[in-house]
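Participant: Turn this into a model:
(one chain, ligands or ions: 1)
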Amino acid sequence: MLVTEGETLLKRPIVIVWTPKAWLATTAAIGAMVVMLLVLARTAMMVSAPFSDAVCGRIIVIDPGHGGDDCGARGRSGLTEKDVVLDIGRHLAGLFNRAAVYTVMTRDEDEDLAGDSGLGPMQRKRLDLESRVDLAARGGADLYISIHANSFPEPVWSGAQTFYHSRSEESRALAQAVQKELVARLGPNLRKAKPGDDYFVLRKSTMPAVIVEVGFLSNPREESLLAQPDYRRRVAEAIFHGTVSHLVESYRKRKGGEGQRAEPVSDSRADGVEQEGIEWALRSRVRAALNPAEDEVILYFAGPTNFDDDLMPEVRKVPGIASAATPEERASKVVAELLKGPAGGSVLCPTIPRGTRLRSIRMAGGVAYIDFSRELATSHWGGSRAEELTVYSIVNTLAEVAEVERVQILIEGAEPVTIAGHVVLDTPLEPNFDLVRFAK
Ligand SMILES: [Zn+2]
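Facilitator: As a prediction, this is how the structure comes out:
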């Protein structure tokens, strides 16, 4: 009896191997084995010597943006940037800790870093940002990863994006590695790593630093994704894998370069001059092509397309501009047009929140001190790129007034201020034509 059963059992597989169901099962089993082998091969790579030497024992600062009264951007469902980025930051810390990487969280609670300073909201934001950078510098960390969520008035804008300071080659490499993983793991996403030279934590950081904007809370699809714990975990994994692959790659390069003559270090000042040359050339091209008449001005608004968040010019007739008696009067007329937003029917997007008023403009030594009402900050939609576009739509537009070389933005008469907590306006800014799209 037992033998018979055994024979039956032995025969069964031979019979059912050729049924469609079994064929599928076999194919699936082989597929699973292949996947397992690939995973094992990858794991073997991950725990090889470069991984332990390049990654283990590093110190990484994880900086979840905003906190406390400062919610950052807010989605339509009420989901706040401060909560999303804290959760992603905690996941990220967990992943690093498992890889024997030490992590410093700038905050692990729903609070900012301004403490009981008793300051107003604007000064509080500045103290908060300074405290984050100081905390990182004190710990002697290797890398600084700031996590934010983006927002823009147009709900179509989407996609995670990483920013770096262009003076730091390692920051750029880290940003590109992180962006690559964000796209591969969370795509489709055409966004690329970009410089964000005016972002406070990037500008002030004493170590390689990136800001990861994990997606747009103003995009309904991404808001619902970011509301899901599993998706937030995947975002953390993407940042983790991007960082690890950067550390391993730069370790390999260092090892490969040992014994060879070091490449000449690029002179960042010389690079800056070249960049400035390109920017000013673009400005001349915009002026030459649009050729504004005496009673016309060039205004800068946000471009119409997703993935290409940039400024685009609009030429507008402004009655009385040619006969304005003073530079202040001319500048006031120009800003009044900027506050109106793009022309009716234009595909361009406004950059200044509704309800913002111009309080005053004062000129001194080529600097335009322009004072806006509080709505510029209190009604701002939040994201770092949106904030940068707001700032430079003002600066670039004002720089079209011949007497204006630099612009200091004030809010309710106070400086320094930040609009949404990413760009700090503690010094008069020159126009930035790197943000302008115009047949480059
Ligand atoms: Zn933010």
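
Participant: How many residues are close by the residue in the stretch 251-400 of the chain that the ion sits nearest to?
Facilitator: Closest residue of the stretch 251-400 of the chain to the ion, CB to the ion: Ser384 (5.8 Å). In short, each C-beta sits where N, CA and C put it, glycine included. Ser384 has 29 neighbouring residues, counting by other CB atoms under 10 Å.

Participant: Could I get the contacting residues of the residue lying closest to it once chain neighbours are set aside?
Facilitator: Nearest non-adjacent residue to Ser384, counting by CB to CB, 6 or more residues apart in numbering: His422, 3.8 Å away. By CB atoms under 8 Å, 6 or more residues apart in numbering, His422 lies in contact with Gly65, His148, Gly196, Tyr199, Phe200, Ile211, Gly383, Ser384, Glu387, Glu388.

Participant: Then Arg221?
Facilitator: So Arg221 contacts Ser158 (CB under 8 Å, 6+ apart).

Participant: Just the buried residues of whatever helix or strand it lives in, please?
Facilitator: Using DSSP states H and E, Arg221 sits in helix 220-226. Residues Glu222, Glu223, Leu225, Leu226 are the ones in helix 220-226 that count as buried (16 or more other CB atoms under 10 Å).

Participant: what's the last one in contact with, if anything?
Facilitator: Under the criterion of CB under 8 Å, 6+ apart, the contact partners of Leu226 comprise Gly75, Leu79, Val84, Ala149, Val214, Gly215, Leu217, Arg232, Val235.

Participant: Would you mind giving the domain segments of the chain?
Facilitator: 56-254, 270-435 (automatic domain parsing).

Participant: Among the ones you listed, which one carries the weakest average confidence?
Facilitator: Among the domains of the chain, domain 270-435 carries the lowest mean pLDDT, at a mean of 87.

Participant: show me where this structure has strands.
Facilitator: 59-64, 102-105, 143-150, 161-164, 194-195, 209-216, 296-302, 311-317, 358-364, 367-372, 406-411, 417-418, 424-425 (DSSP state E).

Participant: Relative to Ser346, which of those strands is closest?
Facilitator: The closest of the strands of the chain to Ser346 is strand 311-317. By CB to CB, the value is 6.6 Å.

Participant: Give me the helices and strands touching the longest helix seen in the chain, please.
Facilitator: Scanning the chain for the longest helix, with DSSP state H as the assignment, gives helix 229-257. Judged by 3 or more CB pairs under 8 Å, 6 or more residues apart in numbering; DSSP states H and E, helix 229-257 is in contact with helix 49-54, helix 81-98, strand 143-150, helix 169-186, strand 209-216, helix 220-226.

Participant: got a markdown table for those, with distance to the ion too?
Facilitator: Formatted as a markdown table, the helices and strands packed on helix 229-257 follow (distance: least, CB to the ion, whole Å):
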| stretch | distance to the ion |
| --- | --- |
| helix 49-54 | 30 |
| helix 81-98 | 5 |
| strand 143-150 | 3 |
| helix 169-186 | 16 |
| strand 209-216 | 8 |
| helix 220-226 | 13 |
